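>>> Structure of the sequence below:
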Amino acid sequence: MRVELIKQSYIRERAKELTGDSSSFDDFINKVKIADWDNPNDIRNTFNSADTIGQNRVIFDLLGNKYRMICVFKFITDIENPWCALYIRWIDTHKEYDKICDTETLYNV
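Okay, the predicted model is just below:
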């Protein structure tokens with residue numbers, strides 16, 4: 001199924017805030033554009049460092065694990081046009097990720 005990255009502009013905005021360069025996460029965006037996911041295991045085939053948590057969340061390591069991104073995914077099984085929606089929920093440094101892990105708020109972002 002094709003993957004639709006929801007709020008792609010947010011990734012570029014956040015990348016610019018964090019790194020000063022809006023193109024720093026382009027590798028992630030480009031991989032998602034050509035991705036073909038039918039189930040959560042396919043996410044790991046595209047991004048082998050991705051970790052799924054809970055029923056529909058995935059955590060991506062970006063730029064050598066310096067940054068983390070939490071997304072929600074949903075497989076839309078429309079018979080004529082199946083696709084996967086990938087919603088960006090949170091992007092920040094690995095240090096900030098560790099803080100939300102300590103408080104278990106990563107399930108609420």
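
>>> Distance of Asp102 relative to Ser23?
Distance of Asp102 to Ser23, computed by C-beta to C-beta, to the nearest Å: 32 Å. Yep, even glycine has a C-beta here, placed from its N, CA and C like the rest.

>>> what do you get for Thr46?
Distance from Thr46 to Ser23, by C-beta to C-beta: 20 Å.

>>> okay, the two: which has more neighbours?
Thr46 (16 against 11; other C-beta atoms under 10 Å).

>>> In contact with Thr19, which residues are there?
Leu63 (C-beta atoms under 8 Å, 6 or more residues apart in numbering).

>>> If the most centrally placed residue in the chain is in a bridge, with which residues?
Closest residue to the average C-alpha location of the chain: Cys71 at 4.4 Å, with C-alpha atoms, centre = their mean. When bridges are called by DSSP bridges, Cys71 pairs up with Val58, Ile88.
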